[in-house]
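[1] Following is a predicted model, sequence given first.
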Amino acid sequence: MQDLKLAFLQTPLYWHDKGANLAMLEEKIWNLDQQVDIIVLPEMFTTGFTMDVVSMAEPMNLTGTKWLKQMASQTKAVVTGSIIISENGNYYNRLIWAQPDGEILSYDKRHLFRMAKEDHFFDMGKDRKIFKWKGWNILPQVCYDLRFPVWNRNKANEKGEMEYDLCFYIASWPAPRSRAWDILLPARAVENLCYSLGVNRIGTDGNNIAYTGHSALYDFKGRKLADAEEQEKHVVATISYRELQEYRAKFPAWKDADAFTLGN
């Protein structure tokens with residue numbers, strides 16, 4: 001199994017300005033100086049984290065989705081991030097996973113941030129997804145999902161193997177709670193015997209909420225492999241499938257996990 005090269009973009013976002021955000025992010029993507037397998041963008045990368053769903057939402061396969069699809073085709077990498085999607089009269093904070101072969105997958109944020117009244121404006125995602133790319137199994141998550149370990153729990157699949165190898169969290173995680181972010185990202189890696197990536201934004205949004213980034217990648221032992229600190233930058237890092245499987249073979253703690261079933 002090949003290694004996986006990840007690129008993540010930590011950046012401020014223009015408030016409620018899709019055109020400006022897409023132009024800015026496209027320039028940053030083209031500034032990547034090497035071929036990668038997956039490019040990860042922050043939560044609500046076209047608008048900033050907003051509850052103004054009526055004016056900011058779009059249907060699937062419109063501006064945001066088409067842009068992601070185009071970027072994936074041109075870079076030959078998966079490009080992923082979340083946008084506000086309207087569907088059948090409902091609104092979703094939807095992570096879109098655009099593959100270079102044209103396939104589009106998605107995951108709707110499960111845990112809606114009630115302290116910002118996200119649950120008043122958005123509908124909760126029902127399905128936990130596992131994406132497959134270049135032999136890797138990958139769990140997509142959005143921001144507040146990070147606080148809920150049961151939803152993230154890595155269980156055995158029908159083959160008796162672990163469900164996923166990498167979990168990633170795209171976020172608009174505010175500065176006052178950055179310590180929780182720094183604690184929970186490596187915790188998810190350790191407890192699930194996987195790699196864990198968190199991609200947060202920086203800057204201040206239209207509600208005067210500050211974000212300090214701390215985007216980072218951790219391995220299965222909770223060791224930090226790469227981070228963007230509090231800077232506007234992109235980071236490229238490689239994760240090893242061989243090292244992950246060797247560790248799981250030596251320390252198969254997941255085989256002693258308690259069985260459970262997730263409900264809706």
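    That came in fine, so what should we check first?
[2] contacting residues around stretch 62-73?
    18, 22, 26, 29, 39, 46, 58, 78-81, 83, 96, 98-100, 102, 104 (CB atoms under 8 Å, 6 or more residues apart in numbering). No exception for glycine: its C-beta is placed from N, CA and C like everyone else's.
[3] Which of those residues fall in helices?
    Secondary structure defined by DSSP state H assigns 18, 22, 26, 29 of the contacts of stretch 62-73 to helices.
[4] Now the two most distant members of those residues.
    When CB to CB is used, the two most widely separated members of the ones in helices among the contacts of stretch 62-73 are 18 and 29, lying 15.9 Å apart.
[5] on that earlier part again, any chance of the ones in helices among the contacts of stretch 62-73 in JSON lines, plus neighbour count and distance to residue 184?
    JSON lines is the format used below for the ones in helices among the contacts of stretch 62-73 (neighbours: other CB atoms under 10 Å; distance: CB to CB, whole Å):
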{"residue": "18", "neighbour count": "17", "distance to residue 184": "30"}
{"residue": "22", "neighbour count": "19", "distance to residue 184": "30"}
{"residue": "26", "neighbour count": "14", "distance to residue 184": "31"}
{"residue": "29", "neighbour count": "19", "distance to residue 184": "28"}
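[6] between the residues you listed, which is nearest residue 263?
    Ranked by distance to residue 263 (CB to CB), the ones in helices among the contacts of stretch 62-73 are led by residue 18 at 36.1 Å.
[7] Do you know the pLDDT at the nearest residue to the closest one once chain neighbours are set aside?
    On the basis of CB to CB, 6 or more residues apart in numbering, the spatially nearest residue to residue 18 that is not a chain neighbour turns out to be residue 46, at 4.5 Å. The model reports residue 46 with a pLDDT of 98.
[8] what's residue 46 in contact with, if anything?
    If you count contacts by CB under 8 Å, 6+ apart, residue 46 has them with 18, 21-22, 56, 63-64, 83-84.
[9] Just the buried residues from those residues, in ChimeraX please.
    This is how ChimeraX selects the buried members of those, with burial counted by 16 or more other CB atoms under 10 Å:
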select :18,21,22,56,64,83,84
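[10] Out of the contacts of residue 46, the closest to residue 214 would be?
    Minimum separation from residue 214 among these (CB to CB) is found for residue 21, which lies at 20.7 Å.
[11] What is the burial count for residue 158?
    6 (other CB atoms under 10 Å).
[12] How about the backbone phi and psi for it?
    As for residue 158, its main-chain torsions (degrees, to the nearest 10) stand at phi -60, psi -20.
[13] For the protein, which segments count as strands?
    Remark: strands of the chain, listed N- to C-terminal, are 4-10, 38-40, 78-87, 90-98, 104-108, 131-133, 136-142, 166-170, 195-199, 202-204, 210-212, 216-218, 224-227, 233-239; assignment by DSSP state E.
[14] Okay, helices next: where are they in the stretch 151-264 of the chain?
    Along the stretch 151-264 of the chain, the segments classed as helices by DSSP state H, counting those that start in this stretch run 178-192, 241-250.
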